[in-house]
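Participant: Here is the input, now give the coordinates:
(2 chains)
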There are 2 protein chains.
Amino acid sequence: MQGTTAQDLKKGPLEGITVLDFSRVLAGPFCTMVLADLGARVIKIEKFGTGDDTRAFGPFVADESAYFMCFNRGKESIVLDIKSPRDRELLERLLDRADIVVENFRPGVMERLGYGAERLAKTHPHIVYASISGFGHTGPFSDLPGYDMVVQAMGGVMSLTGWPDGPPSRVGTSFGDLGAALFATVGILSALYKRVQNAQGTRVDIGMLDCQAALMETALARYDVEGKVPGRTGDSHPSLAPFESFAAKDGRFIIAAGNDTLFMLMADALGSPALALDPRFMTNDMRCSNRPAMITAIETITTREPIEHWVAKLNEAGVPCSPINTIDKLFDHPQLKARNMIVKVKGQGDRYIRTAGNPIRIVGYADNDVETPAVSPGLNQHREAILNELMAGHGAYSNAASDDTASTGVDASSSLPRAAE
Amino acid sequence: MQGTTAQDLKKGPLEGITVLDFSRVLAGPFCTMVLADLGARVIKIEKFGTGDDTRAFGPFVADESAYFMCFNRGKESIVLDIKSPRDRELLERLLDRADIVVENFRPGVMERLGYGAERLAKTHPHIVYASISGFGHTGPFSDLPGYDMVVQAMGGVMSLTGWPDGPPSRVGTSFGDLGAALFATVGILSALYKRVQNAQGTRVDIGMLDCQAALMETALARYDVEGKVPGRTGDSHPSLAPFESFAAKDGRFIIAAGNDTLFMLMADALGSPALALDPRFMTNDMRCSNRPAMITAIETITTREPIEHWVAKLNEAGVPCSPINTIDKLFDHPQLKARNMIVKVKGQGDRYIRTAGNPIRIVGYADNDVETPAVSPGLNQHREAILNELMAGHGAYSNAASDDTASTGVDASSSLPRAAE
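Facilitator: Model prediction:
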């Protein structure tokens, strides 16, 4: 960043890009949050009355949903009544100006509303149109509802998560939604890059189940080669040792010393160099075979002192290790603080919540602002501003738009979601 | 895809982009695999002798690593001896032609080799330079080694994964590496998009720990608002019910019916409409409070028939549900098959392995080829071809390059990794 002053720093590389965001709940909003974090303008199209379902999800901060705040910071909100001709006209004008459309309805819903990908490819061929759904828009499952829990079960990750002698466990975060959101973002940006060359938008179709399969690492190949169904390994790595948790005096912590050099350094750091000379533990293969004996030998030592002691010793020796942090430990974590990873978000009230910020650091662009809370929009908060903006740009549209402003608040007879589902 | 013939279909939107890939093991190679899947040319710079460490990771197919194959399909390989002036010259010429550099060494390693981001920003300002490391290139932890297991423990996901009465579990796939790989890909593509406008590359700095925090969904906000440390919830959602597994006659399966309408549809599909009228189960909140009773009531019914029976019934009724699939079930899964998600990869021998393909479907680009195996490169396989290509393009360089070809195979005295670490 030499020669760059704070004033030069732009919000992000996507400044100038406009996203029309029809999505709600998690996978779509997480995708557009990442785009917003990178500088894009995200206009959230919300349904009449309640808006994004998560506005009703707890926990609440003075009647505003903290769930909603987490994923909608920095976005704008407009409520559109898809049955009103004037709101449809308004939406056409927004589409004229949009670069990206994101939606996560079940296949068919956007088509029934009149905003399916094929129609927009004709009227608005410049748009990169991304759909995220449980199973994608083709194939025999495409009409089925695919929640996070469903694709975690169907895609295999539950069968790999938990302890071998216990039942399958879900990943403690919505891995199904978040994985799909990130692959969607990658697809959108690759299409946006291409658009610069051929001036053409395209259609990105993301199935959450496909993304789960893509994130199974080597599990499919292992089954294909060895014919053995991969199982759960608790907190250890299936083919590295030590690479798991060990008991200290005051709890458990991780040592990840999966090669012989690291194992030697670990033995030294634990004050027991003899461990590395024990014939049972000389190679990773032997440590894997003699894992129970290895654990006993290590824990005989580690249980004598608290986690903090061992983590300091092992870090000093360059041996990968960590306490098993609970979520409260993240707020004051020295590394996350130094990386400006904990940010503030507020709704329409004054009280802010803290959550994780953008993990993508790009030289030349502003780091996360950890002081000023980002604002998540009130329902329909930006309608007026958006209308004014469209009027300024399109004289012919200005009358319709102002009529529209007057009428829509009253016409509650129909709404985006009701028309949709 | 109207009007598009098979011949028109390009490999992907990143065709024409060249990636120099210094990375090894998982996070970096997964990132560059995604770029390759989208059409980029990826040239893997490997260390003398052994190459990418994962070439030695099992399982093996006729002496070739299936682990390596999974993440290096479709890439090219060249071994460079960073201590040889001629290989350094060759690398400069490759950098002249590269659009993207990806590396996942510990901070400082690329600098010591002479290919740090600051140096390249001066000599090759067009390059988008991405680093993936455990903790990123700034902050007090930046020098520490950060393996997947370490950041899963440090970043909180282990504390959320597993059963409430059991120990923390790791996510059954390398969530720490894969999450960072996807955020890195997003950062790279956003910078590549920007480069089209300002003709400038930049530096993307990804810390695996930051990415873990960014993937904790609402867990930080929940703690911040409620002051209660979020814990493990086994296979259920913390605030939706039913959203978990239930026992059938022959095993467990998932029902995700977290709203009242779905619960009613579920009750009907189970042949017990009375369930939805039970005062204990009328709302999601009440079902969460009376979860044990709800589970008993549901399992009284579900244990009478096998999983297949219930999944068919519930699917028919539009209630989200799934068997808990083990990995072997993915190969013939009708939806994954229809989406061309299971692909073949081979090394230098004839035998192929099967793994998951690219989950990003983009209209106008070829779908995954499920018949022809993609090829993962042999160590240094593409050296000659790359040299010929550089010679053809740069007359002045041709002599040095051919000398170089002759000498490098012999000079085993140093290598990229040894110089590096």
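Participant: switch to C-alpha atoms for all contacts and neighbour counts from now on
Facilitator: OK.
Participant: pLDDT score assigned to the residue lying closest to A:A256 once chain neighbours are set aside?
Facilitator: Of all residues not flanking A:A256 in the chain, A:F243 sits nearest, at 4.1 Å (Cα to Cα, 6 or more residues apart in numbering or on different chains). A:F243 is assigned 94 on the pLDDT scale.
Participant: in chain A, which residue is closest to the centre?
Facilitator: By Cα atoms, centre = their mean, chain A has its centre lying nearest to A:L178, at 4.0 Å.
Participant: Locate it within the secondary structure: which element?
Facilitator: For A:L178, the host element (DSSP states H and E) is helix A:175-198.
Participant: Identify the residues contacting the residue nearest to the centre of chain A.
Facilitator: Neighbour list for A:L178: A:26-27, A:30, B:215 [criterion: Cα atoms under 8 Å, 6 or more residues apart in numbering or on different chains].
Participant: switch to 6 Å and redo it
Facilitator: A:A27 (Cα atoms under 6 Å, 6 or more residues apart in numbering or on different chains).
Participant: Let's verify the nearest residue to A:Q348 once chain neighbours are set aside: helix, strand, or coil?
Facilitator: Counting by Cα to Cα, 6+ apart, A:G378 is the residue found nearest to A:Q348 once chain neighbours are left out, at 6.3 Å. Using DSSP: H, G, I helix; E, B strand; the rest coil, the structure places A:G378 in coil.
Participant: What confidence value was assigned to A:G378?
Facilitator: 98.
Participant: One more: A:L94?
Facilitator: At A:L94, pLDDT is 97.
Participant: secondary structure element for it?
Facilitator: Counting by DSSP H and E, A:L94 is part of helix A:85-97.
Participant: Please point out which parts of that helix sit buried.
Facilitator: A:86-92, A:94-95, A:97 (16 or more other Cα atoms under 10 Å in any protein chain shown).
Participant: Now do the very next helix or strand once past it: which elements does it pack against?
Facilitator: Going down the chain from helix A:85-97, the next helix or strand is strand A:100-103, by DSSP H and E. Counting contacts by 3 or more Cα pairs under 6 Å, 6 or more residues apart in numbering or on different chains; DSSP states H and E, strand A:100-103 packs against strand A:18-21, strand A:128-133.
Participant: Distance of A:I206 relative to B:P359?
Facilitator: Distance of A:I206 to B:P359, computed by Cα to Cα, to the nearest Å: 7 Å.
Participant: who's more crowded, the two?
Facilitator: Taking other Cα atoms under 10 Å in any protein chain shown, A:I206 and B:P359 do not tie; B:P359 has more neighbours (30 against 27).
Participant: just checking, the residue nearest to A:A256 touches A:N259?
Facilitator: No: the pair A:F243 / A:N259 is not scored as a contact, 9.8 Å apart, by Cα atoms under 6 Å.
Participant: Among the two, which residue is more densely surrounded?
Facilitator: A direct count of neighbours by other Cα under 10 Å for A:F243 and A:N259 places A:F243 higher, at 24 against 17.
Participant: can you pull the contacts of that one?
Facilitator: Under the criterion of Cα under 6 Å, 6+ apart, the neighbours of A:F243 are A:236-237, A:255-256.
Participant: give the contact list for A:R73.
Facilitator: A:374-376.
Participant: Adding neighbour count and distance to chain B, write the residues you listed out as a markdown table.
Facilitator: Shown next, in a markdown table, are the contacts of A:R73 (neighbours: other Cα atoms under 10 Å in any protein chain shown; distance: Cα to the nearest Cα, whole Å):
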| residue | neighbour count | distance to chain B |
| --- | --- | --- |
| A:A374 | 22 | 14 |
| A:V375 | 20 | 15 |
| A:S376 | 22 | 14 |
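Participant: Could you let me know which of those ends up closest to A:A153?
Facilitator: Distances from A:A153 to these, taken as Cα to Cα, are shortest for A:S376 (32.2 Å).
Participant: how far away is that closest one from A:D81?
Facilitator: In terms of Cα to Cα, A:S376 sits 21 Å off from A:D81.
Participant: Okay, helices next: where are they in the stretch 151-300 of chain A?
Facilitator: Along the stretch 151-300 of chain A, the segments classed as helices by DSSP state H, counting those that start in this stretch run A:157-160, A:175-198, A:208-214, A:219-226, A:260-269, A:284-289, A:291-302.
Participant: Okay, angle between the helix holding A:L178 and strand A:128-133 too, please.
Facilitator: Helix A:175-198 runs at 160 degrees relative to strand A:128-133, counting by axes from the mean of the first three to the mean of the last three Cα atoms, to 10 degrees.
Participant: pLDDT at A:S402, what is it?
Facilitator: 37.
Participant: no wait, A:L240
Facilitator: For A:L240, the model assigns a pLDDT of 87.
Participant: ok, it - how many residues close by?
Facilitator: The tally of other residues near A:L240 (other Cα under 10 Å) stands at 17.
Participant: residue contacts, the closest residue to it other than its chain neighbours?
Facilitator: Among residues not flanking A:L240 along the chain, A:G258 sits closest, at 5.1 Å (Cα to Cα, 6+ apart). With contacts defined as Cα under 6 Å, 6+ apart, A:G258 is in contact with A:240-242.
Participant: any idea where the strands of the stretch 1-150 of chain A begin and end?
Facilitator: Assigned by DSSP state E, counting those that start in this stretch, the stretch 1-150 of chain A shows strands spanning A:18-21, A:41-46, A:60-61, A:64-65, A:76-79, A:100-103, A:128-133.
Participant: out of these, deepest packed?
Facilitator: Ranked by mean neighbour count, those are led by strand A:128-133 with a mean of 27 (mean count of other Cα atoms under 10 Å in any protein chain shown).
Participant: could you give the mean pLDDT of it?
Facilitator: For strand A:128-133, mean pLDDT is 98.
Participant: contact partners of that strand?
Facilitator: Outside strand A:128-133, the residues touching it (Cα under 6 Å, 6+ apart) are A:100-104, A:106, A:201-207.
Participant: now stretch A:219-226
Facilitator: Residues outside stretch A:219-226 that contact it (Cα under 6 Å, 6+ apart): A:229, B:354-355.
Participant: May I see the buried residues of that stretch?
Facilitator: Neighbour-count burial for stretch A:219-226, counted by 16+ other Cα under 10 Å, picks out A:219-225.
Participant: Just name the closest of those to B:G156, please.
Facilitator: Looking across these and measuring by Cα to Cα, the closest to B:G156 is A:A219, at 23.6 Å.
Participant: Could I get the pLDDT score of that closest one?
Facilitator: Looking at A:A219, its pLDDT is 96.
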